[in-house]
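Novice: What follows is a predicted structure for the sequence shown.
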Amino acid sequence: MKTISLAGESHRHYRGTQGIGAAISLDAARAGAAGVCICGRNADNGNQMVAALEKLGTKAFYLQSDLADVAATQALCAMPSPGSHA
C-alpha cells in the first residue's frame, strides 16, 4: 500500500469519533498531520479520540455536533480549519 505524508497539514473529519471516521483520523495523525479536528455527537468518544490523536503527536480538537442538524452542520463547515489563519 502506498503511504502519503500529511506533514504540517490540518485535517478536518466529520464523524471522526468512532468506526471508519476514527480510523481515518488516526491515519491522518500517523501520516504527520499537524492538527486534526473531529466532530460527532458523543463527547466521551470525542474526548477519547482527542487523547489518542495527541498521543500520536498531533494537535487535536473535538467539536460536539449532530450532523442531522442542518444549521449545526452549516456552522461547522463555515469554521476555519485547525491551524488556518482565517
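Specialist: Perfect, thanks for sending it.
Novice: can we go C-alpha only for contacts and neighbour counts from here?
Specialist: Will do.
Novice: Could you double-check that residue 6 lies in contact with residue 35?
Specialist: No. Look at residue 6 against residue 35 with Cα atoms under 8 Å: they stay out of range, at 9.8 Å.
Novice: So between the two, which is more surrounded?
Specialist: residue 35 (26 against 17; other Cα atoms under 10 Å).
Novice: Now do the more buried one, the pLDDT please.
Specialist: pLDDT, residue 35: 90.
Novice: Repeat that for the one 10 residues further on.
Specialist: Looking at residue 45, its pLDDT reads 93.
Novice: If you count neighbours, what's buried in the helix or strand harbouring it?
Specialist: Assigned by DSSP states H and E, residue 45 belongs to helix 43-55. Neighbour counts over helix 43-55 (16 or more other Cα atoms under 10 Å) mark 45, 46, 47, 49, 50, 51, 52, 53, 54 as buried.
Novice: On the three-state scheme, the spatially closest residue to residue 14 that is not a sequence neighbour is what?
Specialist: Spatial nearest neighbour of residue 14, excluding adjacent residues (Cα to Cα, 6 or more residues apart in numbering): residue 39 at 5.2 Å. Three-state call for residue 39 (DSSP: H, G, I helix; E, B strand; the rest coil): strand.
Novice: Distance of residue 39 relative to residue 3?
Specialist: 25 Å (Cα to Cα, to the nearest Å).
Novice: Equivalent analysis for residue 50, please.
Specialist: 23 Å.
Novice: Equivalent analysis for residue 51, please.
Specialist: For residue 51, the distance to residue 3 - Cα to Cα - is 24 Å.
Novice: got the residue ranges for the strands in the protein?
Specialist: Remark: strands assigned in the chain by DSSP state E are 10-14, 35-40, 59-64.
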